[in-house]
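J.: quick one: sequence and predicted model below, then my questions.
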Amino acid sequence: MNITSLILQLISGAAGGNLAGNLMKQFNLGPMGNSILGAVGGLLGSYAAGALGMGGAAATGGGLDMGSLLSNIGGGAVGGGVLTSIIGAIKSNMGGGSKSAS
């Protein structure tokens, strides 16, 4: 894995996490929480996609061809959105969701 694919996975994961948080307000963890979990999910999602043979850094060796770049971005965005949604759902179900103090 090279630094370019790592950066793409982190950025696309953070974007996917924020998109998921904005689309599903009940699972929103705030901009910082969505970004951090999204970035971690981006790394995991891209690696999982590569391990399953769907491209990604693990399958392509981290090259800079168009297919590996797109799979890093796609895997990162999906992974970031999924991890943010899962953690947001867990937090919401545990009573840690955003509630008004009245």
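T.: Done, it's in. Numbering: from 1, shown residues only.

J.: now the helices for this protein?
T.: Per DSSP state H, the chain carries helices over the ranges 3-23, 30-51, 56-60, 66-93.

J.: mind putting those into TSV with mean pLDDT and mean neighbour count?
T.: Placement of C-beta: from N, CA and C, glycine included. Converted to TSV, the helices of the chain look like this (pLDDT from 0 to 100; neighbours: other CB atoms under 10 Å):
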stretch	mean pLDDT	mean neighbour count
helix 3-23	93	21
helix 30-51	90	21
helix 56-60	49	21
helix 66-93	89	21
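
J.: which residue is nearest the middle of this protein?
T.: Centroid-nearest residue in the chain: residue 80, 1.1 Å away (criterion: CA atoms, centre = their mean).

J.: quick one: contacts for that residue?
T.: With contacts defined as CB atoms under 8 Å, 6 or more residues apart in numbering, residue 80 is in contact with 12-17, 20, 37-42, 45.

J.: likewise residue 12?
T.: Neighbouring residues of residue 12 by CB under 8 Å, 6+ apart: 42, 72, 73, 74, 76, 77, 80.

J.: now flag whichever of the residues you listed is closest to residue 92.
T.: The closest of the contacts of residue 12 to residue 92 turns out to be residue 80 (CB to CB; 18.0 Å).

J.: how close does the closest one sit to residue 32?
T.: 14 Å (CB to CB, to the nearest Å).

J.: next one: residue 92
T.: Using CB to CB, residue 92 is found at 17 Å from residue 32.

J.: go on, residue 4?
T.: Counting by CB to CB, the gap between residue 4 and residue 32 amounts to 25 Å.

J.: same deal with residue 90?
T.: Plainly put, residue 90 is 18 Å away from residue 32 if you go by CB to CB.
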